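Student: Predicted structure and sequence below. I'll ask about it afterward.
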Amino acid sequence: MSFDISPILANWRYLAMGLGVTLALSFLTMVAATILGTAVALLRIYGPKYLAAVLGFYVDSARSIPVLVVLVWTFFAFPLVTGFTLPPFWAAFIALSIYVGAYIAEIARGGILSIRPGQTRAALALGMSRTQIVMRILLPQAAVRMLPPYGNMLSITIKNSAIASVIAVPDFLRTTAVVADQSYRPLELYTLAIVVFFMIIFPITRLTDHVYSRLAHLGRS
């Protein structure tokens, strides 16, 4: 069987556009999920008990449902409930952010709780407020400890973004599938998809390990 890359060369702009959508969706999802997850973690630790119970239910529920179900529900069922239709890209963004945010919430909560409580007591004895303790002492150390699982979630988010193609988001997998169907060259196009995702995710995992090895001492207490 011959390996013909001419469909790739002829449609590289279209494929590059899809790759741009994938990267944009992944980046925006991680930003939103990081903000959401950190807020949820802090509220579960320092918020009222009733709120901690509600947020705990959100985290456990989101982690118990397949991401594809969350995505499909957001795009198809959400408009039936609210009467408001979301564009495919933003439906995928909201669904992935809610889903990934639950995992990051547990990563952040574990990172904060892993810090010895003696540091908090010492800071309180020095007259620091709870906000100052969290921002100046706990979060900087927790951020270092969170690097390995956070990098893992970044890789998973990039891979999960490919699922957005099922609701017609013009991401890289969707554009790859379109070109493969039109050119009848699935071997070449899906091989390209494997190579591209590998070239994006593999350096992220190696960079995360490298950065953590350099900063790990900052997270020790």
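Tutor: Here it is on my side, so go on.
Student: tell me which element residue 96 is part of?
Tutor: Using DSSP states H and E, residue 96 maps to helix 88-113.
Student: And the average pLDDT for the following helix or strand past that helix is what?
Tutor: The first helix or strand that comes after helix 88-113 along the chain, using DSSP H and E, is helix 117-125. Averaging pLDDT along helix 117-125 gives 85.
Student: can you pull the buried residues of helix 117-125?
Tutor: Residues 120, 123 are the ones in helix 117-125 that count as buried (16 or more other CB atoms under 10 Å). Bear in mind the C-beta positions are built from the backbone N, C-alpha and C, glycine included.
Student: Distance from it to the middle of the chain?
Tutor: Distance, stretch centre to chain centre, for helix 117-125: 32 Å (CA atoms, centre = their mean, to the nearest Å).
Student: what do you get for stretch 128-148?
Tutor: 21 Å.
Student: which residues touch it?
Tutor: 42, 46, 107-108, 110-112, 114-115, 119-120, 123-124, 208-209, 211-212, 215-216, 218-219, 221 (CB atoms under 8 Å, 6 or more residues apart in numbering).
Student: now swap in stretch 35-53 and tell me
Tutor: Contacts for stretch 35-53 (CB under 8 Å, 6+ apart): 55-56, 58-59, 97-98, 100-109, 112-113, 130, 134.
Student: quick one, helices of this protein?
Tutor: Counting by DSSP state H, the segments of the chain that form helices are 6-10, 12-46, 49-64, 67-72, 78-82, 88-113, 117-125, 130-133, 139-160, 172-183, 186-215.
Student: Please name the residues that touch residue 31.
Tutor: Going by CB under 8 Å, 6+ apart, the list of residues near residue 31 is empty.
Student: For it, give its distance to residue 25.
Tutor: 11 Å (CB to CB, to the nearest Å).
Student: now residue 167
Tutor: According to CB to CB, residue 167 and residue 25 sit 12 Å apart.
Student: quick one, which of these two is more surrounded?
Tutor: More neighbours surround residue 25 than the other of residue 167 and residue 25, with 24 against 20 (other CB atoms under 10 Å).
Student: which non-adjacent residue is nearest the more buried one?
Tutor: Using CB to CB, 6 or more residues apart in numbering and skipping the chain neighbours, the partner closest in space to residue 25 is residue 161 (4.9 Å).
Student: The one you found and residue 167 touch, don't they?
Tutor: No - Residue 161 lies out of contact with residue 167 (CB atoms under 8 Å); the separation is 11.8 Å.
Student: what bits of the chain have low per-residue confidence?
Tutor: Within the chain, the stretches with pLDDT under 70 are 1, 219-221.
Student: rewinding a little: check the helices of the chain for me and report the most buried one.
Tutor: Neighbour counts (mean count of other CB atoms under 10 Å) averaged over each of the helices of the chain peak at helix 88-113, with a mean of 22.
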